[in-house]
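J.: Provide a 3D model corresponding to the input given below.
(2 chains)
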Protein chains: 2
Amino acid sequence: MPHIPDPLLLQLFAIFVWAKVFAEGFERVGLPAVLGEILAGVVLGPYVTHLIEPSPTVLSIAEIGAIFLLFTVGLETSPKELIRVGRVSLLVALAGIVAPFVFGFAYIRYVHGHPAHEATFVGAAMVATSVGVTARVMGDLRVLGSRVAKIILGAAVFDDVLGMILLAVVAGLASATGIAWVQLIVLAAEAVGFAVFMIFFAPKLVHRIRPGVERMSTRNAPLILALAICLGLSVAAERIGMAAIIGAFFAGLAFAEYSPEWNLQPRVNAINEFLAPFFFFTMGSRLDLGVFTPGILVASVIITVLAIAAKVIGCGLPVLKEGWSSALKVGVGMTPRGEVALIVALIGLQMDMISQAVYGIVIFMTAATTLLAPPVLRYLFRRDLAKGEVLEEAVSE
Amino acid sequence: MPHIPDPLLLQLFAIFVWAKVFAEGFERVGLPAVLGEILAGVVLGPYVTHLIEPSPTVLSIAEIGAIFLLFTVGLETSPKELIRVGRVSLLVALAGIVAPFVFGFAYIRYVHGHPAHEATFVGAAMVATSVGVTARVMGDLRVLGSRVAKIILGAAVFDDVLGMILLAVVAGLASATGIAWVQLIVLAAEAVGFAVFMIFFAPKLVHRIRPGVERMSTRNAPLILALAICLGLSVAAERIGMAAIIGAFFAGLAFAEYSPEWNLQPRVNAINEFLAPFFFFTMGSRLDLGVFTPGILVASVIITVLAIAAKVIGCGLPVLKEGWSSALKVGVGMTPRGEVALIVALIGLQMDMISQAVYGIVIFMTAATTLLAPPVLRYLFRRDLAKGEVLEEAVSE
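T.: Residues are numbered from 1 along each chain as shown, chains lettered A, B, ... in the order given. As a prediction, the model looks like this:
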């Protein structure tokens, strides 16, 4: 259309195509598509070839993409599942949140001597497991019915919620000048209250308005309602000092139970398919490869090792009584970080809370954990499958 | 997310919710939802209550919405259907394009003495039938199998393509200084060539690459490909001097045949559900009710009468040998204008080719034709149904 500044449409086209070309290349050699889309941004972005510098409008579209990304994560996180998740999964998730945060914070704060707010962001970015890669590996090996798989998938659900609460507190805390304990407590209470409300009450509310929604004259009324609530809670979250994506995640949570019945997931996913590449591409385009001096590279490797060790130890410990092999598998399975880590880093960068170098470290850690976990996990499962271990037992509490 | 300028998310939320609230209200009293979304923009926009003034980013999102709107129209326009459409439908479409253009152009140019380019835009906006309302009325009355319905639906498919070719020529012509005949002929040839290629060859190309697409590692590869081509052809159309939406429409055409198999339509529609309200709302927000002086109101009514008469005469004539009743039903059924008329008016406004007053006239005409056609059509069909006329005959050429 003549009025669109020509570069916008062209930029959208170029970013979409290049992100998808890189993604397809990555998928073909068995690597996660998301990393391909980020690499497209790194390679074509302003720090390397200068071919595409995302305009402010594209950046806004990318952030709407982040909102839909987290809305989808929420849609896939059933509160019912959450309430009935096993005690073991709960412990795995909890320990798997605390250990990486402590490891990451301590290393950046006390070894590198960076300020507390920067260390807080790194710790927060190390927390959230992105279980998609793990689930796919387990699916390929046909071990999704095993007890280990069920513990991992249960823990991942809980992990998302805890990660969001932590992010809410961290982002709110970091934007304050100095550490205001009162504010911190208020924020934590808000975040927990938000989570509790969305897990226990929101699905009941949706259930109650369901007949009304289905009687509405608007076509696709449930989808429209879900989109409106997603935007509304994003705004609300921002207003009470959290990140918008937290609101989007909780909005997803509220609709998760009705997502199959209302066929929400594939349709929200279509919006995602369109918007997410802009998010991942701009993620990559903000990464200055020049920050990877030998010192930062070493720090990146150490953070990655800590991120892996923290999950293997934190998530493995609660399972240890079921044997070393199960503990190791759960630990490795919870290792990959993904979208949430990237978004935490991006928020930190945008709020000027972390430096370009620390942003690079987090992206390095995210990519490395996502790349390393699948082959190790495949090896561990295959070894046990070869030994003929029974993997299809039911979960027992 | 902290970086998003707070007003953007809030504006997206407010526009989405208000557009949908008005749409639901309109649907409940049996009026088209689209008019409700436009009215929301009029009422809340900068000319009436000043509550919401769409930001430049929202305007960009609205125009991406227009692209997806036309992409969907294309997806629903099967080229196969087009090739086999009956001779009568073809004549109905052709006469139904020529008559409104001539009527509209002549009235604005010779009665009101406006410049030729403004008259051209009004004529072009009066051309394209939006058959959705008619189809719904006929569906409600269960006469979709009747010969009249088949002629209307066949003509509507052809009408879309002809309307797009005309728009391409008009927009290109209007942006030139004076009437350059060489340029006009080049543009017309380009538009026809584009249409012929997308109708006859593009579906074969899609057919040929289909095995490759289905073998791709990327999830949802067909959807990704369709989105990429939609963006790509929008950019290409702009580059050769047409409106981006024309490229999007033709991209839809290329995928129409595989849309059911690849499940494209519901998923592209989900993107639409999210983006279209921003388009219709901003449409309304640009309408200054103050332009409706008594003189402009009279002109609006006359243009509306001409728009109705042109379709009733133009589309009715080719059917006249089948009886007055059928001719009238086809004519009235082809009367409603919709998205394309609105987009033509918006492009004209953005290119400074039409005045605020003429923009108001086109919106008035679109709303009036959409509102008037359904009750008249319902009356005509019911009268004949009461007479016990057989309506379920097959189409004979």
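
J.: Surely A:T218 is within a helix?
T.: No: counting by DSSP: H, G, I helix; E, B strand; the rest coil, one finds A:T218 to be coil, located in no helix.

J.: pretty sure it contacts A:I224?
T.: Yes: look at A:T218 against A:I224 with Cβ atoms under 8 Å: they come within range, at 5.9 Å. In this view, the C-beta of every residue, glycine as well, is placed from N, C-alpha and C.

J.: centre of the chain versus the helix or strand hosting A:I151, how much separation?
T.: Take DSSP states H and E as the rule and A:I151 turns out to sit in helix A:147-175. Relative to its chain's centre, helix A:147-175 lies at 9 Å (Cα atoms, centre = their mean, to the nearest Å).

J.: Can you spell out which helices and strands pack onto the very next helix or strand once past it?
T.: Using DSSP H and E, the helix or strand that follows helix A:147-175 towards the C-terminus is helix A:181-196. Using 3 or more Cβ pairs under 8 Å, 6 or more residues apart in numbering or on different chains; DSSP states H and E, the elements in contact with helix A:181-196 are helix A:147-175, helix A:244-256.

J.: May I have the secondary structure class of the nearest residue to A:A244 once chain neighbours are set aside?
T.: Setting aside the residues directly before and after it, A:A244 is nearest to A:S234 in space (Cβ to Cβ, 6 or more residues apart in numbering or on different chains), at 4.0 Å. Following three-state DSSP, A:S234 is assigned to helix.

J.: wait, what's in contact with A:S234?
T.: By Cβ atoms under 8 Å, 6 or more residues apart in numbering or on different chains, the contact list for A:S234 reads A:67, A:244-245, A:247-248, A:251, B:9, B:13.

J.: for these, which one is nearest A:Y379?
T.: Lowest distance from A:Y379 to the contacts of A:S234 (Cβ to Cβ) belongs to A:I245, with 34.2 Å.

J.: so that closest one makes contact with A:L70?
T.: Yes: under the criterion of Cβ under 8 Å, A:I245 makes contact with A:L70 at 4.2 Å.

J.: residues shared between the contacts of those two?
T.: Contacts common to A:I245 and A:L70, judged by Cβ under 8 Å, 6+ apart, are A:I343.

J.: Tell me how far the residue nearest to A:A244 lies from B:L9.
T.: 6 Å (Cβ to Cβ, to the nearest Å).

J.: where do the helices sit along the stretch 251-397 of chain A?
T.: Assigned by DSSP state H, counting those that start in this stretch, the helices in the stretch 251-397 of chain A fall at A:264-285, A:294-316, A:324-333, A:339-350, A:356-386.

J.: Could you tell me the least trusted of those?
T.: Mean pLDDT across those is lowest at helix A:339-350; the value there is a mean of 86.

J.: How far away from the center of its chain is that one?
T.: 10 Å.

J.: And the contacts of that helix?
T.: A:34, A:38, A:66, A:69-70, A:73, A:118, A:121, A:124-128, A:130, A:160, A:163-164, A:167, A:170-171, A:174, A:243, A:245, A:280, A:283, A:286, A:353-354, A:356, A:358-359, A:362-363, A:365-366, B:1-3.

J.: Of these, keep whichever come out buried.
T.: A:34, A:38, A:66, A:69-70, A:73, A:118, A:121, A:124-128, A:130, A:160, A:163-164, A:167, A:170-171, A:174, A:243, A:245, A:280, A:283, A:286, A:353-354, A:358-359, A:362-363, A:365-366, B:1-2 (16 or more other Cβ atoms under 10 Å in any protein chain shown).

J.: Just give the number of residues close to A:A236.
T.: 18 (other Cβ atoms under 10 Å in any protein chain shown).

J.: Show me what the helix holding A:I151 is packed against.
T.: helix A:79-84, helix A:87-106, helix A:116-125, helix A:132-140, helix A:181-196, helix A:244-256, helix A:324-333, helix A:339-350.
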